[in-house]
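Peer 1: My questions are about this predicted structure, shown below with the sequence.
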Amino acid sequence: GESRPPGKVEAPSTQYRTYSGSNLFRVDVPENWREMPSENSVWFVPEGGSGQIQGQTVFTHAVNVGVARAQSRDLRQATDQFIQSLAQGNRNLRQSDSYQRAALGGRDGLVARLANVSEATGGQEVVSLRTTLLRNGDLFYVIALAPQDDFQSYQGAFQNVLRSLQIRD
């Protein structure tokens, strides 16, 4: 039969709250998204937007904010390498088009649009990645993901999250 996501996903709240990540960043997220911090990043997830597959948490609708070691001081090269590292865990992940320039937290950044096949649903998902370099040379990133069919309805919330981001390094 069809595999279905874990449940119905709530639409993003129009009310926002501020989240402070260590001392490095602040960001506004919809009030009905909960945070799931891990070692170098934090996931913001609506109710029903994540589930378990073989003991691993998988996300269908989420924003992930984090920091990765960059191999290069060049933002484009560092972003290429980061996408390669993401693709190691996701055989179906593909970059859909070339980089666009877009600010992140008020500094120069890149945006990449990626396509993936969701492990959770087996359906197409859109993954939007934004990156910028921190003063110490680390790569700061924001990933927004949603099923292709839902991406449009999440776009507004994703944009608000991105616009609110403040980086203090």
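Peer 2: Received the coordinates, thanks.
Peer 1: all contacts plus neighbour counts: C-alpha atoms, from now on.
Peer 2: Noted.
Peer 1: Scan the chain for its longest helix.
Peer 2: For the chain, the longest helix by residue count, based on DSSP state H, is helix 148-164.
Peer 1: gap between residue 87 and residue 143?
Peer 2: According to C-alpha to C-alpha, to the nearest Å, residue 87 stands 14 Å off from residue 143.
Peer 1: Touching both of these two, which residues are there?
Peer 2: When contacts are counted by C-alpha atoms under 8 Å, 6 or more residues apart in numbering, residue 87 and residue 143 have no shared neighbour.
Peer 1: neighbour count winner among those two?
Peer 2: A count of neighbours by other C-alpha atoms under 10 Å puts residue 143 above the other of residue 87 and residue 143, at 20 against 15.
Peer 1: For this structure, which segments are assigned as helices?
Peer 2: Under DSSP H, the chain gives helices at 75-89, 148-164.
Peer 1: Quick one, grab the pLDDT at residue 71.
Peer 2: Predicted confidence (pLDDT) at residue 71: the value is 86.
Peer 1: Revised request: answer the last question for residue 119.
Peer 2: Note on residue 119: pLDDT of 84.
Peer 1: Skipping its backbone neighbours, what lies nearest it in space?
Peer 2: The shortest distance from residue 119 to any non-neighbouring residue, by C-alpha to C-alpha, 6 or more residues apart in numbering, is to residue 58 (7.3 Å).
Peer 1: check contacts around that neighbour.
Peer 2: Contact analysis of residue 58 by C-alpha under 8 Å, 6+ apart lists 50, 51, 52, 119, 120.
Peer 1: Could you pull up the residues touching the first one?
Peer 2: It refers to residue 50. Residues near residue 50 by C-alpha under 8 Å, 6+ apart: 6, 57, 58, 59, 60, 61.
Peer 1: Now, these that are in strands?
Peer 2: Taking DSSP state E, the ones among those that sit in strands are 57, 58, 59.
Peer 1: which among these gets closest to residue 130?
Peer 2: Set against residue 130, the nearest of the ones in strands among the contacts of residue 50 by C-alpha to C-alpha is residue 59 (18.0 Å).
Peer 1: For that closest one, list the residues it contacts.
Peer 2: Going by C-alpha under 8 Å, 6+ apart, the list of residues near residue 59 reads 45, 49, 50, 51, 120.
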